[in-house]
Structures are given as C-alpha cells and as structure tokens.
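Asker: sequence and predicted structure are below.
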Amino acid sequence: MATRILVVEDDPMNAKLFQLILTRSAKFEVEVTEDPALVVARVRSGGADMIIMDVSLSNSLWDGVAVDGLEICRRLKSNPETSRVPILLATAHAMKGSRERFLLDSGADDYISKPIVSADELISRIRALLEKGANAAPPAPR
C-alpha cells in the first residue's frame, strides 16, 4: 500500500505543486484539504501516514473558530490519538529563527520553506520523518 500524505494547504497552486511532486516523484497517495475536521478524521482513521501543514491557513475553522496551521498542529500533537503522525510545517513567510520558533510553538516534527525549490529535499525530509515515526515507541498507556 502506498504511503498516504495529507496536505493541509489553502493556496491552490501550492496544493497542486505538492500533489504533483509527491505523486509523480515519490508515488505517494496525496489528499489535499484545509478542513481541520477532515484532518482529524483522517489521522484517527489511519488514513494519513503523514501531514504537510501550511502555517498560514486563511479559511480553516475548528469548532467555528479560525485556526492556523500552528494551532491545528498543537491540537494534533497534544492528543494521544493523533500525536504520532509526523507533521512537516510549510510556510512562505520564513525569516531567520522562524524554523525553531515554529517547531517549538507547534510541536511539529520538521519545517520546510515555500516555495519548494527541490523536490528531492522535500521527499528526503518526508522519508526521514516517516522512518523516524515508524521506529518511535508507542505512547504509554494512560
């Protein structure tokens, strides 16, 4: 079965670029959404092996409240049911120190700047996160 990547992106051009790179270069299955409820449903059902999360989502609502990618990531990583799925943050608004701040603030596993200039780098980071996730210990029982 192919690896399933959930791309959480509100820009149609960026979403299409991720989809093309991931399906053609790496043969991943890709689903694109900006709906937090769908993200949670896919992760809980095992329908996503990994998430690529845009930091600046403009149309995403969680229980009627506007949320960005950092908030969605925080909520996923703080829930034992969804915390094990690797999340790669993606943003076009990177500045010096952004990577560390975004990772610390969100709990995400890695970060990449947009625009994506190297398909090989993107795929390499995804594979590393998937490998790391596969070797992670399961969460302790509560």
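Answerer: Arrived safely, thanks for sending. Residues are numbered from 1 along each chain as shown.

Asker: can you give me the helices for this protein?
Answerer: 12-20, 36-45, 69-78, 98-106, 119-134 (DSSP state H).

Asker: hey, which helix or strand in the protein has the poorest pLDDT?
Answerer: helix 98-106 (a mean of 74; mean pLDDT, DSSP states H and E).

Asker: and Leu88, what does it touch?
Answerer: Residues in contact with Leu88 (C-beta atoms under 8 Å, 6 or more residues apart in numbering) are Met50, Ile51, Ile52, Met53, Ala108, Asp109, Asp110, Tyr111, Ile112, Arg125, Ile126, Leu129. To be clear about C-beta, it is placed using only N, CA and C from the backbone, and glycine gets the same treatment.

Asker: most neighbours, which of those?
Answerer: For the contacts of Leu88, the largest number of neighbours (other C-beta atoms under 10 Å) sits with Ile52, at 28 neighbours.

Asker: distance of that residue from Ala15?
Answerer: Taking C-beta to C-beta, to the nearest Å as the measure, Ile52 falls 10 Å from Ala15.

Asker: shared neighbours of those two, anything?
Answerer: Val7, Glu9.

Asker: now Arg75, nearest residue through space, not along the chain?
Answerer: Spatially, and ignoring its direct neighbours in sequence, Arg75 is nearest to Trp62 (7.2 Å; C-beta to C-beta, 6 or more residues apart in numbering).

Asker: from what I see, the one you found and Pro36 are in contact.
Answerer: Yes: the pair Trp62 / Pro36 is scored as a contact, 4.4 Å apart, by C-beta atoms under 8 Å.
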